[in-house]
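Asks: predicted model follows, preceded by the sequence.
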Amino acid sequence: MNERKAMVDWGISDSHLTIKAQAGLLSLNRTGLYWTAQNVSKHEVEIKHLIDKIHTRHPFKGSRRIVDDINNMDDIDYKVNRKRIQRYMREMGIRVIYPGPNLSKRNRAQYVYPYLLRNVKPAHPNHVWGIDITYCAMQGRWMYLVAIIDWYSRMIVGYELSDTMNKEFVIKAVNKAIETHGAPIILNSDQGSQFTSPDYINTLKKYGIKISMDGKGRALDNAITERFWRTIKWEDIYLKNYETPSALRQGIATFMRYYNFERRHTSIGKKTPASVYYATTNLPQQSA
């Protein structure tokens, strides 16, 4: 395996083969190759996993309190500083739920839209969708999960996994959700760079979707999605401790089916999201 990885040309020579093509010829996993090239340390992975667990359990804790928590853990034999934790939180796309600076920084040249959902209650499926990205801890690494939730029914209408937090997998999730369920009237997000990019904005405009964005420091605007992150992490991701991207993909797919078709929600009358969603739409029900 290591010998085959060493054969990959990362653009140093004049090779015209893409990394994907080289990985296929050498029977290697492309995602694993990128991780090899990034040379992420075990120390960084461990700290980011700790940040993720603390934030998932206590989303109101900022970098200062997370530093205190980590430095006072009995099983941790090192100390972390706030500067490193703040950098890792930015890389992980973590936003703290309290009025204050938004850690999901946006490019000043990109687009920001107003929050359209103040005093608005979703009236039917596909009225309001929410989209967000979260960090998925794995054995010795991580991936990112983007999920789209119908706020009326709590149904997950789309999701994608990626080893990088880029705009492409976000747009792919949106396109697939619309192909399956039709377009929503409003799609709400935070002000992260993926959601303020011209490509993302133009995708939503193409479908005639009204664009809504949380105000800075207003992570509670997307509270439905935040609750879903806590659910999937504590009920699946942390318990399973997935080893490979393929295992994570299979596990997430299984959990999504369970969440939509079997898990009952108090907020929607102890019904399943799928039963609420399909009861008032003309769409054919997807297989569980």
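Replies: Structure's in. What do you need? Numbers count the residues shown, from 1 in each chain.

Asks: could you pull out the helices for this structure?
Replies: Applying DSSP state H to the chain gives helices spanning 2-6, 19-25, 30-38, 42-57, 63-71, 82-92, 167-181, 193-196, 198-206, 223-232, 238-240, 245-261, 273-279.

Asks: nearest to residue 149, of those helices?
Replies: helix 223-232 (5.6 Å; Cβ to Cβ). All C-beta atoms are positioned from the backbone trio N, CA, C, and that covers glycine.

Asks: show me what the closest one is packed against.
Replies: helix 42-57, strand 128-138, strand 141-150, helix 245-261 (3 or more Cβ pairs under 8 Å, 6 or more residues apart in numbering; DSSP states H and E).

Asks: one step back: can I get the helices of the chain in JSON lines with distance to residue 214, mean neighbour count and mean pLDDT?
Replies: Formatted as JSON lines, these follow (distance: least, Cβ to Cβ, whole Å; neighbours: other Cβ atoms under 10 Å; pLDDT from 0 to 100):
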{"stretch": "helix 2-6", "distance to residue 214": "41", "mean neighbour count": "10", "mean pLDDT": "45"}
{"stretch": "helix 19-25", "distance to residue 214": "35", "mean neighbour count": "14", "mean pLDDT": "52"}
{"stretch": "helix 30-38", "distance to residue 214": "30", "mean neighbour count": "16", "mean pLDDT": "50"}
{"stretch": "helix 42-57", "distance to residue 214": "17", "mean neighbour count": "18", "mean pLDDT": "94"}
{"stretch": "helix 63-71", "distance to residue 214": "20", "mean neighbour count": "17", "mean pLDDT": "95"}
{"stretch": "helix 82-92", "distance to residue 214": "17", "mean neighbour count": "16", "mean pLDDT": "94"}
{"stretch": "helix 167-181", "distance to residue 214": "15", "mean neighbour count": "18", "mean pLDDT": "97"}
{"stretch": "helix 193-196", "distance to residue 214": "10", "mean neighbour count": "23", "mean pLDDT": "93"}
{"stretch": "helix 198-206", "distance to residue 214": "15", "mean neighbour count": "15", "mean pLDDT": "97"}
{"stretch": "helix 223-232", "distance to residue 214": "10", "mean neighbour count": "18", "mean pLDDT": "91"}
{"stretch": "helix 238-240", "distance to residue 214": "26", "mean neighbour count": "14", "mean pLDDT": "96"}
{"stretch": "helix 245-261", "distance to residue 214": "23", "mean neighbour count": "17", "mean pLDDT": "97"}
{"stretch": "helix 273-279", "distance to residue 214": "22", "mean neighbour count": "19", "mean pLDDT": "96"}
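
Asks: dump the helices and strands packed on helix 223-232 into CSV; add distance to residue 224 as well.
Replies: Shown next, in CSV, are these (distance: least, Cβ to Cβ, whole Å):
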stretch, distance to residue 224
helix 42-57, 15
strand 128-138, 6
strand 141-150, 6
helix 245-261, 13
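
Asks: how about JSON lines for the helices of the chain, with distance to residue 158 added?
Replies: Shown next, in JSON lines, are the helices of the chain (distance: least, Cβ to Cβ, whole Å):
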{"stretch": "helix 2-6", "distance to residue 158": "33"}
{"stretch": "helix 19-25", "distance to residue 158": "24"}
{"stretch": "helix 30-38", "distance to residue 158": "21"}
{"stretch": "helix 42-57", "distance to residue 158": "22"}
{"stretch": "helix 63-71", "distance to residue 158": "30"}
{"stretch": "helix 82-92", "distance to residue 158": "22"}
{"stretch": "helix 167-181", "distance to residue 158": "3"}
{"stretch": "helix 193-196", "distance to residue 158": "14"}
{"stretch": "helix 198-206", "distance to residue 158": "13"}
{"stretch": "helix 223-232", "distance to residue 158": "12"}
{"stretch": "helix 238-240", "distance to residue 158": "22"}
{"stretch": "helix 245-261", "distance to residue 158": "10"}
{"stretch": "helix 273-279", "distance to residue 158": "13"}
